[in-house]
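Engineer: quick one: sequence and predicted model below, then my questions.
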2 protein chains.
Amino acid sequence: MSVRPPIATEQLVGELHALAAISDCPEPPPAVTRIVFTETDRRAREYFISLCNAAGLVVRCDAIGNTFARWEGTDPTLPAVATGSHTDAIPHAGMYDGTTGVLGGLEAIRALQRQGVTPRRAIELILFTSEEPTRFGVGCTGSRTMAGALSPDDLRQLTDEAGHDYDTVRQQAGYKGSLSSVALQPGAYHAFVELHIEQGPLLEAAELPIGIVTAIAAPATMEFVITGEGGHAGGVLMPVRRDALVAAATMITRIEELAFQSGSPDLVATVGALDVHPGAVNSIPSRVRFTLDLRDIDGKNRDATLGAIDRATRQIADQRSVTLAARTLNADPPAIADPLVVSAAREAAEQLALPYQEMVSRAYHDSLFMARIAPTGMIFIPCRGGVSHRPDEYASPEALQAGVETLALTLARLAE
Amino acid sequence: MSVRPPIATEQLVGELHALAAISDCPEPPPAVTRIVFTETDRRAREYFISLCNAAGLVVRCDAIGNTFARWEGTDPTLPAVATGSHTDAIPHAGMYDGTTGVLGGLEAIRALQRQGVTPRRAIELILFTSEEPTRFGVGCTGSRTMAGALSPDDLRQLTDEAGHDYDTVRQQAGYKGSLSSVALQPGAYHAFVELHIEQGPLLEAAELPIGIVTAIAAPATMEFVITGEGGHAGGVLMPVRRDALVAAATMITRIEELAFQSGSPDLVATVGALDVHPGAVNSIPSRVRFTLDLRDIDGKNRDATLGAIDRATRQIADQRSVTLAARTLNADPPAIADPLVVSAAREAAEQLALPYQEMVSRAYHDSLFMARIAPTGMIFIPCRGGVSHRPDEYASPEALQAGVETLALTLARLAE
């Protein structure tokens, strides 16, 4: 086959924009909000499936909505090669995170079809359910469950803010099968490779079109609930207050200090969500809930900082006579990319004469869990300013094209 | 007339419970949420009006829903004596704040009727619209507008979180007249007296059934909006972050310090509401909005602390390279109770042999604004533990009865 797969870049960009328009964000596209198992999520999946059908792929869904679009190979008995990513988006996000790997994965398959490739192994394109933790507090529920890292019982215990549990919500969204049918056996796939925007500034700064991921950083997510004592803002004097929000504020500034003191330049700590109860101008906060996202390339260093944060927040709670309930939502080990996939991607980039660098992913991806059941790797493309999870997230058509070319060739190699 | 007005305490308590059941709070009564111009607010007003009608009072509403229930006097040409309070409630509030002065005011009138009193001046019972600032950020929109402290233009500029403006919302709630018709002239009322739970611990601690308010503390409300830079929690290293929530947390802890350092034991500072944008676990907060409620009996000391907070928050914003937009929602001067009302209440308590103390109100009331257009005073009754704005807010039937007796006699004296 000719080296350069013919990418329909304009069509791909158009499809990304069409998908971005399926959004619950009050701001117009490219601002996107797309929360798992909502009507908007359903419409986005419907759009994706219609594109897969048009490309002749055979589509099936599992019991939690992970969606598999299969291009059959000449030897259907062999484990397939897979690619994919997610289409859910946090509130006020951008239009490239996840979608690049889903629609870009589809375009990679279509380019190989156009090129007349007949793969020996089937190639499967996967849309993973809920990579983002927005609704249920835990990220990657789709790939986690496929990898056996979330059991059916774990899933049943997940609830959203309205108190609805995962099992009920996924059934209301139309996914009815048994939760125990979702987990896959190691070996189910020959390899998995995910195309994604970098979500960091390194490729742009190095003026490189391609990053080949060798490891994915280890994220930990915690939830803190502080209970103090409420009351009328005019009626309770300062010395007798047990204000849950001032306690939370003290913890948040301390967490920042501990992140700086960790000694690792790669350690990042983020308190991204915080709710105040009862949340009235003239009422002393009685309860505050906030989340912590802590990451480092070095899992040991991350866990050491997590321990320091745990001790510091307990001490602050004691000093302020508030109660603190902290729980770890996840603390996943890092993943190392498989040499099979890394070398296939490296050879693809070299064949395409696309300069690349090997790099670590500090963001979280479904690949982290796919790596537990399949040889896994990732291909990064630059995004403007390293910006992600914001409406101004942007990957140029040229960047998308280079990424999809590399993905297509990588898939073709792995499927040979 | 006999000294002791015959209070139907059981009926009053029953009516308070019936009103508490009209609530949007997800928790059952006595937890109450009742936000102005909602369907629940409408149903509460309807219940109140039905009770007034049953007592033979003539009910009218003004253009923003302030509701007046009039018991005509023998000389209708004289300015009336008024009492009243509010029925709106912040989220997860209790059942006595405001309602005690509305339904207690009604019971005071009914007790005088039972007693065969024929007042010379009319007695008007007022249900003020939206004493609580929950929906539009400003408290006492009803009494403020009556007192001319909020103009029709001011009202039109108030918007709720959904972006709906006050003028539209009040019309949708059925209040259609001209906004300029709401303001009253000074002299419209001969006197105004409000019955209220103390919302503080002093009366209970002193074992006194009655407090006679001589001054109402001066509250100030501010809103702070911090804009930093968002991004993916994994993608942006700590040193280059401009995290709006860490900036807000630093300000909140500093505000607490400044409140302690003010030197006034009566100064209280409360950050009661805080919203994070975009509010996702794995997204750096790009924008945080929070409110500040600052009160002191001494307006000068309050304004000095307000100035110190203003300087400190600007400095923190500069240090953290975030932008800060601060605006004052209100900074009202304190009100002094009128000797006419204070002495009438004092004589009433003495006639009833109810021990009392004169005291300052640190909470905010419609009386603060009625004092601008009428000789005004307040009667306090103890509430358990001084607790208010919480579901466990509680005033005993005995406390209610003593308060309503004192109110009834005070009204009778003022209407003579």
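Structural biologist: Perfect, thanks for sending it.

Engineer: can you give me the strands in the stretch 101-250 of chain A?
Structural biologist: Assigned by DSSP state E, counting those that start in this stretch, the strands in the stretch 101-250 of chain A fall at A:123-128, A:189-197, A:210-216, A:218-227, A:231-232.

Engineer: with respect to residue B:179, which of those lies nearest?
Structural biologist: The closest of these to residue B:179 is strand A:231-232. By C-beta to C-beta, the value is 30.0 Å. In this view, the C-beta of every residue, glycine as well, is placed from N, C-alpha and C.

Engineer: which helices and strands does the closest one pack with?
Structural biologist: Helices and strands touching strand A:231-232, by 3 or more C-beta pairs under 8 Å, 6 or more residues apart in numbering or on different chains; DSSP states H and E, are strand A:283-284.

Engineer: contacts for the strand it packs on, please.
Structural biologist: Here strand A:283-284 makes contact (C-beta atoms under 8 Å, 6 or more residues apart in numbering or on different chains) with A:228-233, A:236, A:241, A:243, B:90, B:93, B:270, B:272, B:389.

Engineer: reformat these as TSV; add distance to residue B:377 and pLDDT.
Structural biologist: Shown next, in TSV, are the contacts of strand A:283-284 (distance: C-beta to C-beta, whole Å; pLDDT from 0 to 100):
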residue	distance to residue B:377	pLDDT
A:228	34	98
A:229	31	95
A:230	29	92
A:231	25	88
A:232	20	87
A:233	23	89
A:236	24	87
A:241	29	96
A:243	32	98
B:90	25	94
B:93	25	95
B:270	26	97
B:272	28	97
B:389	23	91
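
Engineer: how many neighbours does residue A:14 have?
Structural biologist: Look at residue A:14: counted by other C-beta atoms under 10 Å in any protein chain shown, it has 12 neighbours.

Engineer: for it, helix, strand, or coil?
Structural biologist: helix (DSSP: H, G, I helix; E, B strand; the rest coil).

Engineer: make CSV out of the contacts of strand A:283-284 and add distance to residue B:295.
Structural biologist: Putting the contacts of strand A:283-284 into CSV (distance: C-beta to C-beta, whole Å) gives the following:
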residue, distance to residue B:295
A:228, 19
A:229, 18
A:230, 16
A:231, 13
A:232, 10
A:233, 7
A:236, 11
A:241, 13
A:243, 15
B:90, 16
B:93, 18
B:270, 8
B:272, 12
B:389, 14
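
Engineer: turn those residues into JSON lines, including neighbour count and distance to residue B:259.
Structural biologist: JSON lines is the format used below for the contacts of strand A:283-284 (neighbours: other C-beta atoms under 10 Å in any protein chain shown; distance: C-beta to C-beta, whole Å):
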{"residue": "A:228", "neighbour count": "23", "distance to residue B:259": "16"}
{"residue": "A:229", "neighbour count": "18", "distance to residue B:259": "17"}
{"residue": "A:230", "neighbour count": "28", "distance to residue B:259": "17"}
{"residue": "A:231", "neighbour count": "26", "distance to residue B:259": "15"}
{"residue": "A:232", "neighbour count": "31", "distance to residue B:259": "16"}
{"residue": "A:233", "neighbour count": "30", "distance to residue B:259": "12"}
{"residue": "A:236", "neighbour count": "25", "distance to residue B:259": "12"}
{"residue": "A:241", "neighbour count": "22", "distance to residue B:259": "10"}
{"residue": "A:243", "neighbour count": "27", "distance to residue B:259": "11"}
{"residue": "B:90", "neighbour count": "27", "distance to residue B:259": "21"}
{"residue": "B:93", "neighbour count": "30", "distance to residue B:259": "24"}
{"residue": "B:270", "neighbour count": "30", "distance to residue B:259": "9"}
{"residue": "B:272", "neighbour count": "25", "distance to residue B:259": "14"}
{"residue": "B:389", "neighbour count": "29", "distance to residue B:259": "19"}
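
Engineer: what parts of the stretch 51-200 of chain A come near chain B?
Structural biologist: Within the stretch 51-200 of chain A, the residues that sit near chain B (C-beta under 8 Å from any C-beta of the partner chain) are A:90-93, A:97, A:132-134, A:137, A:139, A:198-200.

Engineer: just curious, which of those residues is nearest to residue A:48?
Structural biologist: Once C-beta to C-beta is applied, the member of these that ends up nearest residue A:48 is residue A:97, at 15.3 Å.

Engineer: contacting residues for that closest one?
Structural biologist: Going by C-beta under 8 Å, 6+ apart, the list of residues near residue A:97 reads A:89, A:196, A:197, A:199, A:388, A:389, A:393, B:232.

Engineer: mind giving me the packing neighbours of the lengthiest helix in chain A?
Structural biologist: Using DSSP state H to define each element, chain A has its longest helix at helix A:299-319. The contact analysis (3+ C-beta pairs under 8 Å, 6+ apart) places helix A:299-319 against strand A:218-227, helix A:244-261, strand A:287-296, strand A:323-331.
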